[in-house]
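Asker: Provide a 3D model corresponding to the input given below.
(2 chains)
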Amino acid sequence: DGGITQSPKYLFRKEGQNVTLSCEQNLNHDAMYWYRQDPGQGLRLIYYSQIVNDFQKGDIAEGYSVSREKKESFPLTVTSAQKNPTAFYLCASSSLSGRAWSYNEQFFGPGTRLTVL
Amino acid sequence: KNQVEQSPQSLIILEGKNCTLQCNYTVSPFSNLRWYKQDTGRGPVSLTIMTFSENTKSNGRYTATLDADTKQSSLHITASQLSDSASYICVVSVPNFGNEKLTFGTGTRLTIIP
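Answerer: Sure, this is the predicted structure:
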């Protein structure tokens, strides 16, 4: 888990409600990511941000929104438009090397399990 | 279609035994391959990262191998412990200047029994 915190650990939502998942990091990382994990599937990228006030859609952004007002914070809102929001949500962060063919290790938070009732 | 395939899906072994997990990928171009360990209900933790020029890397009792020609990787766990019970996820990275796109396998669920 390192320097990444996610809250809450468990979240229950009624259909039609928006909910916001918190992600904070104290690693001074430029990049932050949101993934969704479902049973039997690999992690899928929802949104990512490489700099404050800028973010990009991932592979499954529909029904989600994010903001990046501070370097250390990247909250995810699951809107009522997300048809199947029950899942385990993981936030990650990494530095950015700025060099082609380089890698940046992603550090993951402990996750938030969202259940729609 | 998932471009990172892991096998077996699940594995049960006795404490103290060794085991090997497999990962085949079709992702291209290839930058690096990672193995993560994920305990139930927790976030993944990195075990190894190998670039295309590396063919083996160790982290304690974990040894990962990579054959970039056949696009195969394996994770070998030596002298397993109860704490090794977890899911092990293979992740392949496609280069993107200053950032990367990661493709995740579905994981191998490993259970160590006493």
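Asker: use CA for all of it now, contacts and neighbours both
Answerer: Fine.
Asker: buried set for the helix or strand of chain B with the lowest mean pLDDT?
Answerer: Lowest by mean pLDDT, DSSP states H and E among the helices and strands of chain B is strand B:99-104, with a mean of 84. Judged by neighbour count (16 or more other C-alpha atoms under 10 Å in any protein chain shown), strand B:99-104 contains these buried residues: B:99-100, B:102-104.
Asker: and which of the residues you listed is nearest to B:Asp69?
Answerer: B:Thr103 (18.6 Å; C-alpha to C-alpha).
Asker: Excluding chain neighbours, what is closest to the residue nearest to the spatial centre of chain A?
Answerer: With distances taken as C-alpha atoms, centre = their mean, A:Trp34 lies nearest the centre of chain A, 2.1 Å away. Leaving aside its chain neighbours, A:Trp34 sits nearest to A:Cys91 (4.6 Å; criterion: C-alpha to C-alpha, 6 or more residues apart in numbering or on different chains).
Asker: Any chance you could give me the least confident helix or strand of chain B in CSV, C-alpha atoms only?
Answerer: What follows is strand B:99-104, C-alpha atoms only, in CSV (Å, rounded to 0.1, in the frame of the first residue of the first chain):
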residue,chain,number,x,y,z
ASN,B,99,4.0,6.9,-19.6
GLU,B,100,3.0,3.3,-20.3
LYS,B,101,-0.1,1.3,-21.1
LEU,B,102,-0.4,-1.8,-18.9
THR,B,103,-2.3,-4.9,-19.9
PHE,B,104,-3.1,-7.2,-16.9
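Asker: need the next SSE after it, C-terminal direction.
Answerer: strand B:108-113 (DSSP states H and E).
Asker: list the buried ones in that next one?
Answerer: Applying 16+ other C-alpha under 10 Å to strand B:108-113 flags B:108-112 as buried.
Asker: With pLDDT as extra columns, can I get those residues in JSON lines?
Answerer: Below are those laid out as JSON lines (pLDDT from 0 to 100):
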{"residue": "B:Thr108", "pLDDT": "98"}
{"residue": "B:Arg109", "pLDDT": "97"}
{"residue": "B:Leu110", "pLDDT": "98"}
{"residue": "B:Thr111", "pLDDT": "98"}
{"residue": "B:Ile112", "pLDDT": "98"}
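Asker: Adding distance to A:Gly42 as columns, could you present the buried residues of strand B:99-104 in CSV?
Answerer: Shown next, in CSV, are the buried residues of strand B:99-104 (distance: C-alpha to C-alpha, whole Å):
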residue, distance to A:Gly42
B:Asn99, 20
B:Glu100, 17
B:Leu102, 10
B:Thr103, 8
B:Phe104, 5
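Asker: Other residues contacting stretch A:36-46?
Answerer: A:33-35, A:57-61, A:64, A:87-90, B:103-107 (C-alpha atoms under 8 Å, 6 or more residues apart in numbering or on different chains).
Asker: mind checking how far the strand or helix carrying B:Val92 is from the chain centre?
Answerer: Using DSSP H and E, B:Val92 falls within strand B:86-96. Centre-to-centre, strand B:86-96 and its host chain are 7 Å apart (C-alpha atoms, centre = their mean, to the nearest Å).
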